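**Student:** Mind folding the following:
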Amino acid sequence: MKQSVSNRTMSAAIYSSLLLLGLVTLYPFWNSVVIAFNSGSDTSMGGVTFWPREFTLENFKIVLQDNRIIHSFIVSVLRTAIGTFLSIFFTSMFAYGMSKKNIVFKKYYMVFCVITMYFSGGLIPYFLLIRNLGMMNSIWVMIIPSIISVWNMIIFRTFFNELPDALEESATLDGCNAISTFFRIIVPVSGPVIATLSLFTAVYHWNDWFTATIFINKANLTPIQTLLQQILNSNIASEMLQQASGGNAAALEQLNRQQTITTKSLSMATMVVSTVPIMMVYPFLQKYFVKGVLVGSIKG
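**Tutor:** From the prediction side, this is the model:
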């Protein structure tokens, strides 16, 4: 069907707006990648925008040879893998129980769960609780407190409520109890929602730097994002020292220009190394992700 002039004009405006929004959203990350692949001395001169002016791999060589970054990368991988598995496992089981219609005081349980989404005891009581539980300087402090997500539980419960009752009825006739029904019937047909929430949970664990900053004091347990935050802070401190040096600022700037590698270029290279792995997960879960985000929107 041929579109009218007004429809084509509206479509052109919509696509142009989406294109502009996409460019504005992607440019900061793209510029960081460009700086990571550009010579640090050339970057300090400014003007590096869309493409490396002096291409180099020295920044990544330094980053990948740093034992701290490699060890922090391993810690983040372990935290993300273990934390995602345990969170999806326990949250899905909790949601399956909450999806049952014959639970006594079910509404009150939901009220208690929802309250935790809006109110907390505060950072200091939370810190004291973690310390009293003996989880300070342990990888479990980054995993156990976030095992149950009320928001993910609600999404799981919505998905389970939409499943046909005949599935559980047939499993019960075959002699399955609640646990067998969950693992043999419910889990296999819940691929889209499990994949989607696994992705969200993995991104949270991979990007979280604040938890380790508060509760981890050992260098061998520092995740990659916390280490990156420390590197960025050192970069900011270095720039503040240069600004406070007054008459020596020109000499320091000249020294930075003579260096192939700078703190800023190393920071951007570290950011790229810590971001790319989690981005590579999206293509493998894309087909489930599209289905999972529609959970609860259509009642079949």
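
**Student:** List the residues that contact Arg184.
**Tutor:** Ala171, Cys176 (C-beta atoms under 8 Å, 6 or more residues apart in numbering). To be clear about C-beta, it is placed using only N, CA and C from the backbone, and glycine gets the same treatment.

**Student:** any idea where the helices of the stretch 151-300 of the chain begin and end?
**Tutor:** For the stretch 151-300 of the chain, applying DSSP state H, counting those that start in this stretch gives helices covering 165-173, 178-181, 191-207, 210-215, 224-244, 249-258, 263-279, 282-292.

**Student:** Could you tell me the least trusted of those?
**Tutor:** Of all those, mean pLDDT reaches its minimum on helix 249-258 (a mean of 48).

**Student:** Tell me how far Leu57 lies from Glu169.
**Tutor:** Using C-beta to C-beta, to the nearest Å, Leu57 is found at 61 Å from Glu169.

**Student:** and what of Val77?
**Tutor:** From Val77 to Glu169 the distance is 42 Å (C-beta to C-beta).

**Student:** Comparing these two, which residue is more hemmed in?
**Tutor:** The residue with more neighbours, out of Val77 and Glu169, is Val77; 15 against 11, by other C-beta atoms under 10 Å.

**Student:** So which bits of the helix or strand harbouring the more buried one are buried?
**Tutor:** Following DSSP states H and E, one finds Val77 within helix 67-98. For helix 67-98, burial by neighbour count (16 or more other C-beta atoms under 10 Å) applies to 69, 71-73, 75-76, 79-80, 83-84, 86-88, 91-98.

**Student:** Also stretch 194-212?
**Tutor:** 194-203, 205-209, 211-212.

**Student:** who touches Phe119 in this structure?
**Tutor:** Contacts of Phe119 by C-beta under 8 Å, 6+ apart: none found.

**Student:** next one: phi and psi at it?
**Tutor:** phi -130, psi 150 (degrees, to the nearest 10).

**Student:** and Met117, how many residues sit next to it?
**Tutor:** That count, for Met117 with other C-beta under 10 Å as the rule, works out to 11.

**Student:** follow-up on the earlier one: in terms of secondary structure, what does the following helix or strand past the helix holding Val77 contact?
**Tutor:** Sequence-wise, the next helix or strand downstream of helix 67-98 (DSSP H and E) is helix 106-118. Packing partners of helix 106-118 (3 or more C-beta pairs under 8 Å, 6 or more residues apart in numbering; DSSP states H and E): helix 67-98, helix 150-162.

**Student:** Check the offset of helix 106-118 from the chain's centre.
**Tutor:** 25 Å (C-alpha atoms, centre = their mean, to the nearest Å).

**Student:** in whatever helix or strand comes next after it, what's buried?
**Tutor:** Using DSSP H and E, the helix or strand that directly follows helix 106-118 along the chain is helix 123-132. Within helix 123-132, the residues scored as buried using 16+ other C-beta under 10 Å are Ile130.

**Student:** what's the distance between the closest residue to Tyr126 other than its chain neighbours and Pro145?
**Tutor:** Closest residue to Tyr126 apart from its sequence neighbours, by C-beta to C-beta, 6 or more residues apart in numbering: Ser120 at 7.1 Å. From Ser120 over to Pro145 the distance is 11 Å, taken as C-beta to C-beta.

**Student:** who has more neighbours, the two?
**Tutor:** Neighbours per residue, other C-beta under 10 Å: of Ser120 and Pro145, the larger number sits with Pro145, 15 against 10.

**Student:** Contacts only, for the more buried one.
**Tutor:** Ile130, Thr211.

**Student:** State the three-state secondary structure for it.
**Tutor:** Assigned state for Pro145: helix (three-state reduction, DSSP: H, G, I helix; E, B strand; the rest coil).

**Student:** For Val5, see how far away Ser16 is.
**Tutor:** 16 Å.

**Student:** same question, Pro277
**Tutor:** On the measure of C-beta to C-beta, Pro277 and Val5 end up 48 Å apart.

**Student:** Give me the more crowded residue out of these two.
**Tutor:** Each of Pro277 and Val5 has its neighbours counted (other C-beta under 10 Å); Pro277 has more, 14 against 7.

**Student:** Reduced to three states, what does Pro52 come out as?
**Tutor:** Local secondary structure at Pro52 is given as coil here, using three-state DSSP.

**Student:** Who is the nearest residue to it once chain neighbours are set aside paired with across the strands?
**Tutor:** Nearest residue to Pro52, sequence neighbours excluded (C-beta to C-beta, 6+ apart): Asn38, at 4.1 Å. Taking DSSP bridges as the rule, Asn38 bridges to Phe55.

**Student:** Quick check: the residue nearest to Phe73 when sequence neighbours are not counted vs Asn38, distance?
**Tutor:** Excluding the flanking residues, the one nearest Phe73 by C-beta to C-beta, 6+ apart is Ile224, at 5.0 Å. Applying C-beta to C-beta, the value for Ile224 to Asn38 is 22 Å.
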